[in-house]
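[1] Quick one, fold the following:
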Amino acid sequence: MIDESKVKVIVAEVLKHIDLQERIQPGQVPVGVSNRHIHVSQADLETLFGSGYQLKNMKNLSQPGQFAAEECVLIAGRKGVFDKVRILGPVRPSTQIEISMTDSFAIGVQPVVRNSGDTKNTPGCVVIGPKGSVTLKEGVIVASRHIHMHTKDATKLGCKDLDSVTVKTSGPRSVGFNNVLIRVSEKFALDFHLDIDEANAAGLKNGDMVEIVR
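    Predicted structure coming up:
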């Protein structure tokens with residue numbers, strides 16, 4: 001005799017599994033772990049390194065046209081300092097420093113989670129280079145996790161610019177990252193960017209693969 005209650009439980013579990021599989025988009029997204037770094041304006045670069053100074057490319061990054069520069073600076077907050085903070089190029093219209101939550105506590109800067117470029121009413125700090133220093137009134141953020149996508153990748157993955165998705169990881173410390181911003185451009189390469197705190201919590205490293213869940 002068939003136990004109808006058990007059948008209903010099995011059917012419910014199967015439907016739940018099917019629903020989950022349908023929400024996972026085909027394909028995977030590579031991970032890019034971001035440590036503390038700084039983007040500088042040309043004016044601030046010249047204050048820090050001298051008139052007419054140009055950044056020197058040390059290593060290309062995953063995003064086309066972006067690179068880790070040879071140049072590093074010291075950043076100082078109310079409670080502490082970080083030396084050898086890498087500059088990422090090319091120069092930008094305004095200077096922005098990206099740190100982790102742990103970093104913010106260490107140097108005494110109020111942690112504010114923001115999308116890159118959204119620095120209004122964020123904390124500031126002092127940036128010190130070999131030729132001078134810059135006192136920023138704002139510009140220090142804990143960067144929101146996000147995915148860069150080329151337009152072709154966005155089409156394949158069923159995403160569009162400014163979508164917010166959940167990213168599912170795997171492994172012994174698997175987690176789901178909610179509120180992941182999608183950024184789409186023909187200038188981008190597919191990459192899931194998160195900071196070192198988030199990566200360590202999930203046991204992720206550069207090059208690991210994650211999945212997008214609707």
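
[2] Tell me the spacing between the closest residue to residue 78 other than its chain neighbours and residue 140.
    Nearest in space to residue 78, with sequence neighbours left out and distances taken as C-beta to C-beta, 6 or more residues apart in numbering, is residue 108 at 3.6 Å. From N, CA and C alone the C-beta is placed, and that goes for glycine too. Per C-beta to C-beta, to the nearest Å, residue 108 is found 11 Å from residue 140.

[3] circling back to that earlier point, run through the residues that contact the residue nearest to residue 78.
    Contacts here follow C-beta atoms under 8 Å, 6 or more residues apart in numbering; on that basis residue 108 touches 77, 78, 79, 80.

[4] Which ones among those lie within helices?
    Among the contacts of residue 108, DSSP state H puts none in helices.

[5] what about the helix or strand hosting residue 180, distance to the chain center?
    Assigned by DSSP states H and E, residue 180 belongs to strand 176-184. Centre-to-centre, strand 176-184 and its host chain are 10 Å apart (C-alpha atoms, centre = their mean, to the nearest Å).

[6] Direction included, what does it pair up with?
    When pairs are called by DSSP bridges, strand 176-184 turns out to pair with strand 146-149 (parallel), strand 164-168 (antiparallel).

[7] For the longest one, give me every contacting residue.
    Residues outside strand 164-168 that contact it (C-beta under 8 Å, 6+ apart): 24, 29, 145, 147, 159, 174, 176-182, 192, 210-214.

[8] Out of these, which end up buried?
    Neighbour counting by 16 or more other C-beta atoms under 10 Å classes 29, 145, 147, 159, 177, 180-182, 192, 210-213 among those as buried.
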